[in-house]
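Novice: show me the folded form of this:
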Amino acid sequence: MNFSRVKEGALKYLGYQGQTIDYSIASMLDECLNEIDKMSSFKVVYKSFPLDFDPLLIKEVNININYPDLIDLLNNCHDVIIIACTLGIQVDKRSKYYSHIDMTKMTIFDAIASSYLEAKCDEYERHHIIGKRTFRFCPGYGNVPIELNRELARVIDSHRKIGLTVQDSHILLPQKSMIGLIGLGDNNRKKSCKNCLNIKNCDFRKRGQICYKID
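Specialist: Numbering: from 1, shown residues only. Reported below is the predicted structural model:
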């Protein structure tokens, strides 16, 4: 785990644009990162399924994923992975605790937790999902509805296996969790600005930044 990259990612979430960080903020970043690293309980579950096209389906579990953004992402793939990961409920509890006593620390803690989760997921994929693959695409982004989370969580049994549930509001619990789709068989859809659905309205690009980490 590259802690420097986690902090760099958190600063982007916080809107920093290369300005000097004062000592108190720098110390708080380190404190929050050390806390999350010690208390988080990173868990993952994933499963691979063959794809059917025209329309795009995960036929084995009867899930329709025939959305333009997923059609584009998975166009040259033969299988799709449904993956879910979480940092665990203790991170949520600590964030809520800070929201009552120190809003600045809560904001920094939340940004660090989001960046840490992304880094852990990326690290896991690098070590466990071998071969050509697309980037991870999460429901709620682009034209893929967030409601899809419930179906994806169901078929990989995320509640029983890693304690990740989807609430009636479609928000994940624990909140520092992620459910995504990864295509297998094609690596042309790498993370890049040109592949981003939000390129025209991206706050990061307006600040001269990118939201993703370059390996």
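
Novice: and the helix or strand hosting E8, what's buried?
Specialist: Using DSSP states H and E, E8 sits in helix 3-13. The neighbour-count check on helix 3-13 (16 or more other C-beta atoms under 10 Å) flags R5, V6, K7, G9, A10, L11, K12, Y13 as buried. All C-beta atoms are positioned from the backbone trio N, CA, C, and that covers glycine.

Novice: for stretch 69-76, same thing?
Specialist: Residues of stretch 69-76 classed as buried by neighbour count (16+ other C-beta under 10 Å): L70, L73, L74.

Novice: any chance of the residues you listed in TSV, plus secondary structure and pLDDT?
Specialist: What follows is the buried residues of stretch 69-76, written out as TSV (DSSP: H, G, I helix; E, B strand; the rest coil; pLDDT from 0 to 100):
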residue	secondary structure	pLDDT
L70	helix	95
L73	helix	93
L74	coil	95
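
Novice: can I get these in a markdown table including distance to L56?
Specialist: As requested, the buried residues of stretch 69-76 are arranged in a markdown table below (distance: C-beta to C-beta, whole Å):
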| residue | distance to L56 |
| --- | --- |
| L70 | 6 |
| L73 | 10 |
| L74 | 7 |
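
Novice: picking that back up, so which elements touch the helix holding E8?
Specialist: In terms of contacts (3 or more C-beta pairs under 8 Å, 6 or more residues apart in numbering; DSSP states H and E), helix 3-13 is packed against helix 23-39, helix 103-128.

Novice: could you check the angle that helix makes with helix 103-128?
Specialist: If you take axes from the mean of the first three to the mean of the last three C-alpha atoms, to 10 degrees, helix 3-13 sits at 130 degrees to helix 103-128.

Novice: 165 is where my numbering starts, stick with that
Specialist: Right, with 165 as the first residue, what we last looked at is helix 167-177.

Novice: using PDB, write out every CA atom in helix 167-177.
Specialist: Taking C-alpha atoms only, helix 167-177 is exported to PDB below (Å, rounded to 0.1, in the frame of the first residue of the first chain):
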ATOM      1  CA  PHE A 167       0.400   5.800   1.700                       C
ATOM      2  CA  SER A 168       1.700   8.800  -0.300                       C
ATOM      3  CA  ARG A 169      -0.700   8.000  -3.100                       C
ATOM      4  CA  VAL A 170      -3.600   7.500  -0.700                       C
ATOM      5  CA  LYS A 171      -2.900  11.000   0.800                       C
ATOM      6  CA  GLU A 172      -2.500  12.400  -2.700                       C
ATOM      7  CA  GLY A 173      -5.900  11.000  -3.700                       C
ATOM      8  CA  ALA A 174      -7.500  12.400  -0.500                       C
ATOM      9  CA  LEU A 175      -6.200  15.900  -1.200                       C
ATOM     10  CA  LYS A 176      -7.700  15.700  -4.700                       C
ATOM     11  CA  TYR A 177     -11.100  14.900  -3.100                       C
END
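
Novice: tell me the angle that helix makes with helix 187-203.
Specialist: Direction vectors for helix 167-177 and helix 187-203, defined by the same axes, to 10 degrees, enclose an angle of 120 degrees.

Novice: please enumerate the helices of the chain.
Specialist: Ranges of helices in the chain, per DSSP state H, are 167-177, 187-203, 232-237, 253-265, 267-292, 312-319, 322-326, 367-370.

Novice: format the ones you listed as TSV; extra columns: distance to K211.
Specialist: Shown next, in TSV, are those (distance: least, C-beta to C-beta, whole Å):
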stretch	distance to K211
helix 167-177	27
helix 187-203	27
helix 232-237	17
helix 253-265	23
helix 267-292	12
helix 312-319	7
helix 322-326	10
helix 367-370	32
